[in-house]
Every structure is written in structure tokens, then in C-alpha cells.
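1. here's my sequence, what's the structure:
(one chain, ligands or ions: 1)
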Amino acid sequence: MPDLSQLASGLKRSGIRVIMDLAMGMTDIVRLEVGEPLFSTPEHIVQAGCTALQEGFTKYTPNAGILSLREVIARRLNLDYGLNLSADNIVITVGGVGAVSSAVRALTDIGDEVLISDPCWPNYEMIIACAGGVPKRYQLDPEQGFLPTLANIEKVLTPKSKVLIINTPSNPLGIVYPEKVMRELVEFARQHDLFIISDEVYEKIIFEGQHTSALSFDRDGRVVGVFSFSKTYAMTGWRVGYAVAAAPVADLITKLQEAYVSCTPGVAQKAAEAALTGSQDCVAMMRDTYKANRRLALEILDRYGISYLNPQGAFYLWIDVNSPDSTAFAKELLVKHKVAVAPGDTFGPAGERYIRVSLASPQAAIEEGLERIGRLIRK
Ligand code: PLP
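-> Reported below is the predicted structural model:
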């Protein structure tokens, strides 16, 4: 028997999956580990999906996605961020994951370096490795509010560096980049001739400040914006996201769709279109719920005197558990106290003493889970 792919076998397993697998088969677990809205997809979006099925949206769509959806997306991005996009700039992908993967493939060759922050969403490292690229981590300093700084990015820059990945609001930290920082990052990429992949899938989940898109500062087509319906509309299972790029890059991403997925399912695209054209009240309601969950969670942590990063956006709480081994801490928390959380080290070496808790979980789970975490740490 020939060997299996070394590249695939060598991929690091997600620490969140390790905890989820361990939790499987256990009963009465308080689940705070997964980044998924507690809400079901709003009814009018589900209805649009059902109607699309009945109307026969059961076939392949164009590689780039259904034209009407791409037009609606271009219009709303133009309105939200003062852009001048058309459908030619939009490729509908299988979730934000699909947009990041295709963008990395479209922008890099084997051996190229892709710069990611420490900590960051673990999938970036996997996606870069799958493309034969080399992930290089830049530090985020607590003294700089965990924002990316040009000095720290410069430290890891080499002639092989090709792409800078940024993420706001960020997972796992909940940091929201101010406009000035975003402007500087895009300018830095221009000076050093880098592409930027700007992951903005949490753009609508902001508690303080406002979202700035990297696309607003892109003067020469070096930014690929990544967006998704998953978090904004509680549509994780529908698998619809999109890449936004200058036409030549969008064309290449479209070409890659054929190799990997052909297209995003048509029914899911029609549901996504209904999400954008329908009332946006559900978006505000969900955001307000996560914000109320944040208040509740912080009250409990404050009572126990536990340090955390107060998230300005996304729906995660980054808690300092002061443990030399966050995976061991998360396992103990699960096995002895029946609370599932994401171990910080799965997001990068800088996450070693932290855990990540999802604020998109039900209120009762947050209350109970954080009380148990508080008692364990205080002990
Ligand atoms: N980007 C970040 C930072 C995420 O946290 C996630 C999901 O957790 C995604 C992208 C991709 O989500 P999806 O593929 O469901 O759109």
C-alpha cells in the first residue's frame, strides 16, 4: 500500500475537536467551546430556502455563484463601506472557510510565506499548510491592545512573505481594529508588496466602536475581503460565504471553485439572498443577546477576580486561567466539572495560559459554566 499524503497527515488537529470528541458520550455537559450562534436560522430565510427547493434550485450554479446574489452583495458592501464594487468582484464560496482557502490558493505558490497573528483562528494554519505555504506568526502585544503592529509584522517579514492575514472583529480575542490601524496595515502591505486577506466574517457583531473594512483602503487590488452568512444570520450549516476581490483575483478564485467544490449549493445561495434583502432586525437582536451574555459573563469573572480580555466584537471571551497547559486545563474542566471550552493553545503558542468561551451560547450555560470555571480557578 502506498503512503498516505504526508502533507495531510502532518496537519495539526484542532484542540477544539479534541475537547468535542472527549465530550461526546458524556452527559450533562455545559457546552461553551464551539463558535456557533445559539439561534436557529431566522424563519424567513428558512422559508426562502424551502421555496428555492420547490422552484427547482437543485442544479449546479455558475462557479462564482448566482448573479442576483452577487449583485445584492456588491450593493450592500458599497453602501456599508463606500466601495465601488460590481458582481464581478464577488465569488460565493462554501462558507468563509472556502473564501480563505481559495484566496490562499489564488495568491500563493508552494513555499510562500503567509503571515498570521499569534493567537488566531486555527484554520488559517491548516489552510496555508494545505496549499504548501509556510505560516509565520506575528505577535500581538497586550500593551498595544492586542492589535497588529507594523513593527511586529516587520520582524517576521522575509523576501518569501506574500500574504498578510488579518481578522477583525477577531477570533479568539474579540479585538476590533480602529480605522487608523486598518489604513496603516493596507499601506504597509502596499509598501512591502504583500497581498492582504482580511477576514471580516464577524463584521456585524460589534459591541463597541464600528467595523472598518480593509477594502475601504485598497487602491490597487491587493486586498481580498472574506465575509460569511454563518455568524451574522445564524446560518453556519448552510455553508455560504464570499470572497471580495479585484476582478483578476476574483476570476482566479472562481476558477479554483471548479477544482474544489464546483459551486456553493444553489438552495443555500437563495436563502442567503433572502437574508440580505429581508429585515435586518434579526441581526441586531442576535448581537444584543451576545452583548447581554458578555455583561453576564464579565460580572461572574469579576466576582471571582479572574482576568479576561473584554471583547469589543465577535462573540468570544478570552480568559486568563493562568495555567501552564491550556489543553490540560480544558480537559480537567471537562472531565471533572463538565464544562467544555476551547483551549487557548489551539489558537497559537501565545494562547497557552488562556481558554476561549463562546458568548453565543445560551445564557444558562454561560452562567453555570463560568461559575464552575470561577470555582476551579479560585481553588
Ligand atoms: N473566519 C473566522 C475568524 C472564523 O472564526 C470562522 C468560523 O468560526 C470562519 C472564518 C469561517 O466560518 P464559515 O466557514 O462558517 O463562514
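
2. burial count for Gly15?
-> For Gly15, the neighbour count with other Cβ atoms under 10 Å is 22. Backbone N, C-alpha and C define where each C-beta goes, glycine included.

3. ditto for Thr27
-> 6.

4. over to Ala246?
-> So Ala246, with other Cβ under 10 Å, has 16 neighbours.

5. could you find the closest non-adjacent residue to it?
-> Excluding the flanking residues, the one nearest Ala246 by Cβ to Cβ, 6 or more residues apart in numbering is Gly221, at 3.0 Å.

6. with Lys155 instead?
-> Leaving aside its chain neighbours, Lys155 sits nearest to Tyr138 (7.0 Å; criterion: Cβ to Cβ, 6+ apart).

7. next secondary structure after whatever helix or strand the one you found lives in?
-> For Tyr138, the element it lies in under DSSP states H and E is strand 134-139. Next along the chain after strand 134-139, taking DSSP H and E as the criterion, comes helix 150-156.

8. how about that next one: buried residues?
-> Under the neighbour-count criterion of 16 or more other Cβ atoms under 10 Å, helix 150-156 has 150, 152-153 buried.

9. quick one: average confidence on that helix?
-> Mean per-residue pLDDT for helix 150-156: 98.

10. ok, now stretch 333-349?
-> On average, stretch 333-349 scores 96.

11. from this protein, which residue is nearest to the ligand?
-> Here the residue of the chain nearest the ligand is Gly95; by Cβ to the nearest ligand atom that distance is 2.6 Å.

12. count the residues that sit near that residue.
-> Gly95 has 23 nearby residues by other Cβ under 10 Å.

13. next: the one 3 residues further on.
-> When neighbours are counted by other Cβ under 10 Å, Gly98 registers 25.

14. and the helix or strand containing it, how far out from the chain middle?
-> Per DSSP H and E, Gly98 falls inside helix 95-107. Its chain's C-alpha centre and that of helix 95-107 lie 12 Å apart, by Cα atoms, centre = their mean, to the nearest Å.

15. just stretch 292-309 next, same as before
-> 23 Å.

16. buried ones in it?
-> 293-294, 297-298, 300-301, 306, 308-309.

17. looking at those residues, spot the one nearest Leu157.
-> Within the buried residues of stretch 292-309, proximity to Leu157 (Cβ to Cβ) peaks at Leu309, which comes in at 26.3 Å.

18. now do the SS call for the residue lying closest to that closest one once chain neighbours are set aside.
-> Leaving aside its chain neighbours, Leu309 sits nearest to Trp318 (4.3 Å; criterion: Cβ to Cβ, 6+ apart). Three-state call for Trp318 (DSSP: H, G, I helix; E, B strand; the rest coil): strand.

19. same question for the one 4 residues further on.
-> Here Asn322 is recorded as coil under three-state DSSP.

20. hmm, it is touching Arg353, no?
-> Yes: the criterion here is Cβ atoms under 8 Å, and Asn322 meets it with Arg353 at 5.6 Å.

21. who has more neighbours, these two?
-> Arg353 (17 against 11).

22. quick one: contacts for Val114?
-> By Cβ atoms under 8 Å, 6 or more residues apart in numbering, Val114 lies in contact with 104, 108, 124, 128, 133-136, 161-165.

23. turn those into TSV, columns for distance to the ligand.
-> Below are the contacts of Val114 laid out as TSV (distance: Cβ to the nearest ligand atom, whole Å):
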residue	distance to the ligand
Val104	12
Thr108	18
Tyr124	8
Ile128	14
Gly133	17
Val134	20
Pro135	15
Lys136	18
Ser161	21
Lys162	20
Val163	15
Leu164	15
Ile165	10
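
24. can you pick the most crowded of the residues you listed?
-> Most surrounded of the contacts of Val114: other Cβ under 10 Å gives Leu164, at 28 neighbours.

25. next, that residue: phi, psi?
-> Main-chain torsions, Leu164, degrees, to the nearest 10: phi -110, psi 120.

26. surely it and Leu115 touch.
-> Yes: counting by Cβ under 8 Å, Leu164 touches Leu115, with 4.7 Å between them.

27. so what sits against both of these two?
-> 153, 194.

28. what's opposite the residue nearest to Lys155 in the beta bridge?
-> Ser117 (DSSP bridges).

29. residues touching it, list them.
-> 115-118, 148, 152-153, 155-156.

30. make it 7 Å
-> Counting by Cβ atoms under 7 Å, 6 or more residues apart in numbering, Tyr138 makes contact with 115, 117-118, 148, 152-153, 155-156.

31. next up, the contacts around Ile300.
-> Here Ile300 is in contact with 367, 370-371, 374 (Cβ under 7 Å, 6+ apart).

32. need the three-state assignment for it.
-> helix.

33. separation between it and Ser326?
-> Separation of Ile300 from Ser326 (Cβ to Cβ, to the nearest Å): 20 Å.

34. all the strands of this structure, residue numbers only.
-> Taking DSSP state E to define them, one finds strands in the chain at 30-31, 90-93, 113-118, 134-139, 161-167, 195-199, 223-228, 241-244, 308-309, 316-320, 339-340, 342-343, 354-358.
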